[in-house]
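> turn this into a structure:
(2 chains)
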Amino acid sequence: MRTITFDIDRFDGTRSWSQSYSFAYDPTLTVLGCLIQIKEQQDPSLNFTASCRCAICGSCAVRVNGNAVLACDTRLDTVLTQWNSDALRISPLGNFRVVSDLVVDWSDKVERLRTANTGLKARKDFTAESGCRQSPEDFARIQKQWDCILCGACASDCNKLADNREDFLEPFAFTHANRYAQDSRSADPLLHVKGMVKNGLWKCLHCMECVTKCPKGIAPAADISALRALAYAAGNTEGKGPRHAAAFLTDLETTGRLNEVRLVPRTEGMIDAATGRLGFTWRMLKRGKLATREAVELFLVDNKPIEGIDGLRRIVRYRRTAK
Amino acid sequence: MSDDTQDDIWSLSRRTFVGACATLPLVDAIAPIGSAQAATSGTTATGVDTEAGMISVDVLVVGSGGAGLRAAVYALRAGNLSVAVVTKTMPSRSATCMAEGGINGVIDYPGQKDSLDLHAFDTVKGGDYLGDQDCIDFFVEKASEAVRETDFWGTPYSRAKDGRIDQRFMAGHQYPRTNYSADKTGHALLHSTFDYALGAGVKFLIDYQLLDVAVEDGVCSGIVMRNIKTGAIVAVKARAVVLATGGYTRIFWTRTSTPFIATGDGTAAALRAGLPFKDPEMLQFHPTGVVHGGVLITEAARGEGGYLLNGKGERFMQRYAPAKMELAPRDITARAIETEIAEGRGIGQGMLAHVLIDLRHLGRDKILERLPQIRHVGLLFENVDLVEEPLPIRPTAHYSMGGIDVVDFRSMSTALPGLFAAGECGCESIHGANRLGGNSLAAAMVTGKEAGIGAAAYAAKAAMPGDGALLRLVERWRDHFKETTSRTAGTRFTEIRDRMAQALWDGMGIYRTGTGLAKALETVTGLQKEYQTAVVGNAGQVYNSAYTHYLEVGNLLTLARCALVAALDRRESRGAHTRVDYPNRNDRDFLHHNLVSLKGDEVVLDRRPVTIVRFKPEERNY
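Below you'll find the predicted structure:
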């Protein structure tokens, strides 16, 4: 008989340990089904959370071999095949305070979400008595972001949060802000943008883990980009983040190729780049990661424009003028 | 931003509350028993007295589904009152988010034939004349308002070409009046209301389990709850309490569409506080749940034009509701499916017997656009793609029409001064003996709002109640935890739960008989005794989910027994309550609400006439 083993990260409030549970393979089980079976047949002290069991309430996200999944929405077979192993490590979500075993604390996450200024502030021509009007196309523009079930998978695997949670909100918070910013019923998109600049809008690392892990197929990183575009258009052009984005666009438009030698001074300013990055540049030159002649050329002359640059420039111009 | 390595929930609440909402200093109103900050008593800007050792708040809402969130927003809007929401889980895990089809409300579109009167009539008839008609008139008007208001609050509704909210047909309605958001309307409503509540400054106490409602000198004095994260038993003194804890169809544990957490905690607590449980036998079976586990396939699947087919490939609704076909109301459709299975025209055997729902003729695009969630559920539980093949389905326990007896539907107050009930846990009665599709989200939005307003109005005038009953309950629950979790020999309580579910499915399912109900009552009463000595299996304090669930099962046993007593007494068939031995409705003897109460260990039954206003009871057929 084929046996499956879950190595579960346990925590009882003071003590942490890993505990193995084995059970008979059953192809109809989901990861949540396995956890329920373990709790009811082997160990009632195992703690996890689950509610709807059909992927709409967001309670049961856990990590399987370090990757966040919605337990009820993940067939056992899928992860066994994915990892090519009959033993899996089950852990609580990352970037959350663990309460016990697979249970994480949402209290402070809810308060952090509150800072994303949620809730529609509707246009002046709409009232609570009469409701709103919205075209089917405008509804479709926000529909995906409304699929968020607050399961925490994006937050769990976010590399920026792992590095520092003090200056960045959970990816789902950006998705929440963007669904109001992009809503044609909103009085002013900037009501949902300004606060996010303070909440780390320009600090996303673009690792795309949130996009990969969302069980609903939402792309929080794309919501961050959309909010950045709104912020930039509204005059939020100073600071490293906006300047970094502008530098990419400049390269795209002038040569079609990224000039990494100019990127740093453009992002950080000449003085900061010169004082802060000199040692780094020196080490790169010394190790042969950067050729002196190439670096000088790039700094003084820039790349040669790529073939078809005119077409690229037309695309950039079109995007600039398009609403 | 906050440091989430903090262990102490109270300092966490304190910090997050300060950060989140400086305008309403509930902070001073919420402190643990015996803590240092609680000892510094005084009056805050909101007029909340923080007496030593007791958390106090003006309006306390228990439950964070659609009804609870609406109640909290409206209690807060009343101004100058402290409001807190106590919730067993993270606030967005409720049954509301699972509602798919839509929210009913007649919107005043020029030139339309629909009207509030017709919505009221369809609701009365749908409920087989057990609903109170004055309440239903009030409800349909407020439901229309709620749809427009939630649109204004941000609910993302699907739209018609002219920009108005799109509406779909639901079974039992004469016109399309179900406003929707794809097939995730409950999810959209819950999250937009949650977002709005966050923005409005509603405060949440997350991971607290309701244990009991306290009664002091004849008024509700608050609740006793358990901090699941730490195991601490905590009293909250409140001028007004709104129970919004959802329904109790989890009594059918293995065959229900509702979430694990919807265990009727508030209804059971209200019963223990002496309140009647109204119409507990009225439990709705949704005709279309997946065969494995009972997760729902929304009624919108039929509303959009899906066919129900038996083993012979016949659209068998022809035999039961020739005019409405698949759009017949839930009770009629559920009985039709069970009859097909019983008479051998189903597919498969035993608990896995089923019929099919076929959507293929709608086409891939329509399924993907309008019914993406049910396609997903089909893939997950049955490994069937609705675009390619029909899906096996069978009825599943879905909604509790019965609930805590609400005596004034305008304020959602109960017979206990200071205690209010909203959403599925209350019974006003809007749905009577059978709820129409799309009326549950509407009821959650309407009754939540009215309970919030009612509780705030009451709290503004009420004195802060005394502590005596609260402190006695705290002691009792502390002892209860020690006593129950120290047991090592006895039946596993989850086994009791599953035996209860089986007994109820067999005895109080879609088809009921006097002998079957009596047998189920005997079984459940026996299980209640066995439960008293059952093993929890975990004695830990930190997030002891085994003990949480042990208490839930205890609540379900109490509620199941009440439902059985009422179902036995109702010797007629009405709405969802189908007695094979009494197949007809009997208005002469049973046009009344059943009111079940606890007197010590006994369950006692009382009756109250139904309020009839405009619509005289007539035969209900479609």
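
> and the strand or helix carrying A:Ile90, what does it pack against?
Under the criterion DSSP states H and E, the helix or strand holding A:Ile90 is strand A:87-91. Packing partners of strand A:87-91 (3 or more C-beta pairs under 8 Å, 6 or more residues apart in numbering or on different chains; DSSP states H and E): strand A:3-11, strand A:61-64. Just so you know, the C-beta spots here come from the backbone N, C-alpha and C atoms, and that holds for glycine as well.

> so that strand versus strand A:3-11, what angle?
Put simply, strand A:87-91 runs at 20 degrees to strand A:3-11, going by axes from the mean of the first three to the mean of the last three C-alpha atoms, to 10 degrees.

> strand A:87-91: partners in the sheet, and parallel or antiparallel?
strand A:3-11 (parallel), strand A:61-64 (antiparallel) (DSSP bridges).

> any chance of those in TSV, with mean neighbour count too?
Shown next, in TSV, are the strands paired with strand A:87-91 (neighbours: other C-beta atoms under 10 Å in any protein chain shown):
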stretch	mean neighbour count
strand A:3-11	17
strand A:61-64	25
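
> buried ones in the strand holding A:Ile90?
Across strand A:87-91, burial judged by 16 or more other C-beta atoms under 10 Å in any protein chain shown covers A:88-91.

> before we move on, what SS does the closest residue in space to A:Ala247 that isn't next to it in sequence have?
Excluding its sequence neighbours, the residue lying closest to A:Ala247 (C-beta to C-beta, 6 or more residues apart in numbering or on different chains) is A:Arg266, at 3.9 Å. Under the three-state scheme (DSSP: H, G, I helix; E, B strand; the rest coil), A:Arg266 adopts helix.

> so B:Ala422 sits against B:Ala71, correct?
Yes. Using C-beta atoms under 8 Å, B:Ala422 is in contact with B:Ala71, at 5.4 Å.

> where along the stretch 351-500 of chain B do the strands fall?
Along the stretch 351-500 of chain B, counting by DSSP state E, counting those that start in this stretch, strands occupy B:355-358, B:391-400, B:403-408, B:413-414, B:419-421, B:426-427.

> center of chain A - which residue?
A:Cys210 (3.4 Å; C-alpha atoms, centre = their mean).

> follow-up on the earlier one: hey, C-alpha coordinates of the strand holding A:Ile90 in PDB?
Only the C-alpha atoms of strand A:87-91 are listed here, as PDB (Å, rounded to 0.1, in the frame of the first residue of the first chain):
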ATOM      1  CA  ALA A  87       6.700  13.000   1.700                       C
ATOM      2  CA  LEU A  88       5.800  16.700   1.900                       C
ATOM      3  CA  ARG A  89       6.600  19.400   4.400                       C
ATOM      4  CA  ILE A  90       3.500  21.400   5.500                       C
ATOM      5  CA  SER A  91       4.200  24.700   7.200                       C
END
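
> contacts for that strand?
Here strand A:87-91 makes contact (C-beta atoms under 8 Å, 6 or more residues apart in numbering or on different chains) with A:4-9, A:18, A:31, A:35, A:62-66, A:79-80, A:102.

> list the contacts of the residue nearest to A:Ala247.
A:Arg266 makes contacts with A:243-244, A:246-247, A:250, as judged by C-beta under 8 Å, 6+ apart.

> and these, which two are the farthest apart?
Spatially, the most separated pair among those is A:His244 and A:Thr250, at 10.9 Å (C-beta to C-beta).

> would you map the strands across the stretch 1-150 of chain A?
Under DSSP E, counting those that start in this stretch, the stretch 1-150 of chain A gives strands at A:3-11, A:16-24, A:61-64, A:67-70, A:87-91, A:98-100, A:103-104.

> out of those strands, nearest to A:Gly308?
The minimum distance between A:Gly308 and these falls on strand A:67-70, with 39.1 Å, by C-beta to C-beta.

> contacting residues around that closest one?
Applying C-beta under 8 Å, 6+ apart, the set of residues contacting strand A:67-70 is A:31, A:55, A:58, A:60-63, A:79, A:93-94, A:151-154, A:156-157, A:213, A:215.

> let's see 6 Å
Strand A:67-70 is contacted by residues A:55, A:61, A:151, A:153, A:156-157, A:213, A:215 when judged by C-beta atoms under 6 Å, 6 or more residues apart in numbering or on different chains.
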